[in-house]
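> Any chance you can model this:
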Amino acid sequence: MILYFASTNAGKLREFQEAAAASCVTVEALPGIAELPECIEDGATFDENARMKALHYSRLTSGLVFADDSGLSVDALGGAPGVYSARFAGEQATYKDNNEKLLRELGGARNRAAHFVCVIALAEGGRILVTVEGRADGLILEAARGQGGFGYDPLFFFPPLGETFAELDSKAKFGVSHRGNAFRKLLDYLIRG
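You can find the predicted model right below:
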């Protein structure tokens, strides 16, 4: 079974492909996504944005299309950056820009609790089949650690393993991450379905 991932984020695509390798599912980038009309993500929640993207792209192609919306929620920042995680420091922000802004905003805050959220929506022919959600709880460090992962991974410390997501290899990270948790739920749905 082939699932088309509706995103141009190479880091996310790689993680989903690696996770699917041991299953009966193959994950591929949505063919020609760069040339398709872009979906405007203006939802107020991860769920709304994931559904919006899945519906949008499933109307433009055949087959099973999934999209995710994910991000970081920091307690001391009232849940920010939330749905604005990818563009926390501006529309053209790099991962480095976003991480630097996060550290500035947190300053010397004692409460460093945070969690990642990922919502995946699966659609076909303009119809949502299922949505699933995953979460990973951790802490935001005062300085980056590790060279792996992407986004906020170097700042996100995962206490059960004693490392940041950027210090974990991709298999270990996906085993505990928000994206991994959500994707396993999606696979369960497909296998049962």
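> Only C-alpha atoms from now on, for both contacts and neighbour counts.
OK.
> Now the one helix or strand A123 maps to: buried residues?
Assessed by DSSP states H and E, A123 sits inside strand 113-124. Residues A113, A114, H115, F116, V117, C118, V119, I120, A121, L122, A123, E124 are the ones in strand 113-124 that count as buried (16 or more other Cα atoms under 10 Å).
> What are the contacting residues of the least confident helix or strand in the chain by mean pLDDT?
In the chain, the helix or strand scored least confidently by mean pLDDT, DSSP states H and E is helix 10-20, which has a mean of 86. If you take Cα atoms under 8 Å, 6 or more residues apart in numbering as the criterion, helix 10-20 is touched by 5, 7, 26-29, 149-150, 170-171, 174, 180, 183.
> Mind checking which of the residues you listed land in helices?
S170, K171, F174, G180, F183 (DSSP state H).
> quick one, what contacts C118?
C118 sits next to F46, D68, D69, S70, G71, E133, G134, R135, H178, R179, A182 when contact means Cα under 8 Å, 6+ apart.
> Of these, which is the nearest to P81?
Here the nearest of those to P81, counting by Cα to Cα, is G71; it sits at 7.5 Å.
> how about the CA coordinates for the helix or strand harbouring the closest one, as CSV?
Under the criterion of DSSP H and E, G71 resides in strand 64-74. Extracted C-alpha coordinates of strand 64-74, given in CSV (Å, rounded to 0.1, in the frame of the first residue of the first chain):
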residue,chain,number,x,y,z
LEU,A,64,-4.3,7.8,-0.1
VAL,A,65,-2.8,11.2,0.9
PHE,A,66,-1.8,12.1,4.4
ALA,A,67,-0.7,15.3,5.9
ASP,A,68,0.5,16.3,9.3
ASP,A,69,0.6,19.4,11.3
SER,A,70,3.0,19.3,14.2
GLY,A,71,4.8,21.7,16.5
LEU,A,72,6.1,22.6,19.9
SER,A,73,4.0,23.8,22.8
VAL,A,74,5.9,25.4,25.7
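> Name the residues that touch that strand?
So strand 64-74 is contacted by 2-7, 30, 46-47, 49-51, 53-54, 57-58, 79-86, 112-124, 152, 179 (Cα under 8 Å, 6+ apart).
> Residue nearest the middle of this structure, spatially speaking?
Nearest to the mean C-alpha position of the chain, counting by Cα atoms, centre = their mean, stands S70 at 3.7 Å.
> in the sheet, who's paired with it?
C118 (DSSP bridges).
> State the distance from it to V119.
6 Å (Cα to Cα, to the nearest Å).
> Next: G125.
Separation of G125 from V119 (Cα to Cα): 20 Å.
> swap in F157?
Per Cα to Cα, F157 is found 21 Å from V119.
> Fine by me, we can end here.
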